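Peer 1: build me a structure from this.
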Amino acid sequence: MNVIAAQDIASHCLNAFTQLIPASRAAFYRVDRHLQAYDFSLHGMSGEMHQDYLDHYCAFDPLRPRNCLSSPSVVPLSLAMARQPVRDNHCYQRFLQRYGVVDVVEVFVHRAGQPQAAISMLRTAEQGAFTGQQLSQLSALQTLLHLAVAQLPCTDDGLSQLTPKERQIALLLREGASNKQLARALDIGLPTVKTHLINLFRKTGVSNRTELVSSLFL
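Peer 2: You can find the predicted model right below:
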């Protein structure tokens, strides 16, 4: 299966879910072995909003895969928020309020006890919060999502969560490249190299180069 087919599967899933259960915005993503979301497909969500989430609010999201390991397949925001510190919830709510979102629900697909993919659905004040009936409908749709995800190719090689530029940096780091060597190889400035490294560390949940290489390649 090629990349286009994988994108088609994500698009069809998003269209089906949002037509049956109205949502102003939605996202389909896959989950790697480190419980990090990657390979996002967006529906009704601007790239600016998504990047803002990744850059500033992802760590406070109560619905991220790491927080939902022991949850049912359909996880409403209220349930997830009850499981994390109030301070983190306040930070995440600032993100939702900035974009007029009043409710979120996550629909996960698990395999061998690990989340493999999910659809995130967001609603505005005009649509209101998800009802109990709609959550039940999402539970029924989850079986179809499971079948769709089973058709996706397995790409969890440790690098799948990274952008092409980030993968290039990670491979150079494996060879022991310094910041100056990275800047020269990628034809970018040292400040940009440092920004990429910070993003890489945050995305992979590590704090230095050694941990990054071990996490991705060992």
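
Peer 1: from now on I want contacts and neighbour counts done on CA atoms only, so please keep to that.
Peer 2: Noted.

Peer 1: okay, which residue is most central for the protein?
Peer 2: Against the mean C-alpha coordinate of the chain, by C-alpha atoms, centre = their mean, the closest residue is Ala37 at 3.2 Å.

Peer 1: residues touching the residue nearest to that one when sequence neighbours are not counted, list them.
Peer 2: Leaving aside its sequence neighbours, Ala37 sits nearest to Val31 (C-alpha to C-alpha, 6 or more residues apart in numbering; 4.6 Å). Neighbouring residues of Val31 by C-alpha atoms under 8 Å, 6 or more residues apart in numbering: 37-38, 65, 115-118.

Peer 1: I figured the residue nearest to the centre of the chain was touching Arg66, is that so?
Peer 2: No - the pair Ala37 / Arg66 is not scored as a contact, 9.5 Å apart, by C-alpha atoms under 8 Å.

Peer 1: what mean pLDDT does the helix or strand containing Arg30 get?
Peer 2: When elements are assigned from DSSP states H and E, Arg30 belongs to strand 25-31. With pLDDT averaged residue by residue, strand 25-31 scores 93.

Peer 1: please apply the same query to stretch 143-156.
Peer 2: Here stretch 143-156 scores 78 as its mean pLDDT.

Peer 1: can you give me the buried ones in that stretch?
Peer 2: 145-146, 148-149, 152 (16 or more other C-alpha atoms under 10 Å).

Peer 1: same question for stretch 207-218.
Peer 2: Neighbour counts over stretch 207-218 (16+ other C-alpha under 10 Å) mark 209, 212-213, 216 as buried.
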